[in-house]
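# just to be clear, the model below is a prediction. Sequence and coordinates:
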Amino acid sequence: MIVLFGKAQEHKGKEEKKEGTGELEKELREAKAQLQEYTETLQRIQAEFENFKKRMAKEKKEFVEYSNANLIAKILPVIDSIDAAVKHFKETGNTKKDDFLKGIELIRKQLMEALEKEGLKEIKSEGEKFDPLCHEAMMCCEDGKKEDHTIIEELQKGYMLREKVLRHSKVKINKLKEEKEIEKEKEAEGGKQNGSKEESKKDSKT
């Protein structure tokens, strides 16, 4: 009887030990899962913070680079006036004003050099292909010797501040007629000729 009781106690102890081990393993798995979750959350927060820092650095750089944009834009009409004066004196061929003309050109050169250091640059126009991102078409003409949408004349200079368009170039472009338009004109011309022939026939009958 004592032997049986001892074996029962021993069996019961083994069962309790197994249950305790199972609980510990369960808790360990839960702790590992929680640790993994915390690690992933921390990594995500770190990545978001790094992106935030990069974005703030970019915005700060852009702010510094373009902080003078409004000031430079206000100076552009002054350059326009200088350009207009230089063009006028060159076209009139007034030799008495040579010194004055040279002075204006020197002022413009110095002003442009100062602005170029701040990132200002002229947009190329005449002879270039029309680009709506940089140019604004004010007039158009038809010249079969030049390619379609080629800029024929620059009416007002355009400028960029680094990679940003500060003012579009106002230009005159070459606009060739499309084949459909040419065909319509030919058909219209043919209709007029046929109409005139019929009228002449009626006149001859009468």
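All right, it came through fine.
# all helices of this structure, in order?
In the chain, the helices defined using DSSP state H lie at 2-66, 69-92, 98-117, 179-205.
# tell me the average confidence for stretch 36-45?
For stretch 36-45, mean pLDDT rounds to 85.
# ok, residue 168 touching residue 134?
Yes: Residue 168 lies in contact with residue 134 (CB atoms under 8 Å); the separation is 6.3 Å. (Glycine included, C-beta is placed from N, CA and C.)
# joint contacts of those two?
With contacts taken as CB atoms under 8 Å, 6 or more residues apart in numbering, the residues that reach both residue 168 and residue 134 are 123, 158.
# counting neighbours, what do you get for residue 160?
Residue 160 is flanked by 17 other residues according to other CB atoms under 10 Å.
# separation between it and residue 77?
17 Å (CB to CB, to the nearest Å).
# try residue 65
Between residue 65 and residue 77 the distance is 23 Å, computed by CB to CB.
# for residue 38, same thing?
Distance, residue 38 to residue 77, using CB to CB: 61 Å.
# likewise residue 149?
Applying CB to CB, the value for residue 149 to residue 77 is 28 Å.
# between these two, which is the more surrounded one?
Counted by other CB under 10 Å, residue 149 and residue 77 do not tie: residue 149 has more neighbours, with 16 against 9.
# backbone dihedrals for that one, please?
Backbone torsions for residue 149, taken as degrees, to the nearest 10, come to phi 70, psi 20.
# that one contacts residue 130, correct?
Yes: between residue 149 and residue 130 there is a contact under CB under 8 Å: 4.4 Å.
# overlap in contacts of these two?
Common neighbours of residue 149 and residue 130 (CB under 8 Å, 6+ apart) are residue 173.
# in contact with the closest residue to residue 134 other than its chain neighbours, which residues?
Leaving out its chain neighbours, the residue that sits closest to residue 134 by CB to CB, 6 or more residues apart in numbering is residue 123, at 4.9 Å. Under the criterion of CB under 8 Å, 6+ apart, the neighbours of residue 123 are 134, 135, 157, 158, 159, 160, 165, 168, 169.
# I'd like the distance between the fifth one and residue 114.
With distances taken as CB to CB, residue 159 is found 14 Å from residue 114.
# among the two, which residue is more densely surrounded?
Legend: neighbour count by other CB under 10 Å for residue 159 and residue 114, higher for residue 159 (22 against 11).
# quick one, what contacts the more buried one?
Each residue near residue 159 by CB under 8 Å, 6+ apart is listed here: 72, 76, 120, 121, 122, 123, 165, 166, 167.
# low-confidence bits of this protein, can you list those?
Judged against pLDDT under 70, the low-scoring parts of the chain cover residues 1-22, 64, 93-97, 177-206.
# how's it carved up into domains?
Split into domains by automatic domain parsing, the chain comes to 1-67, 68-118.
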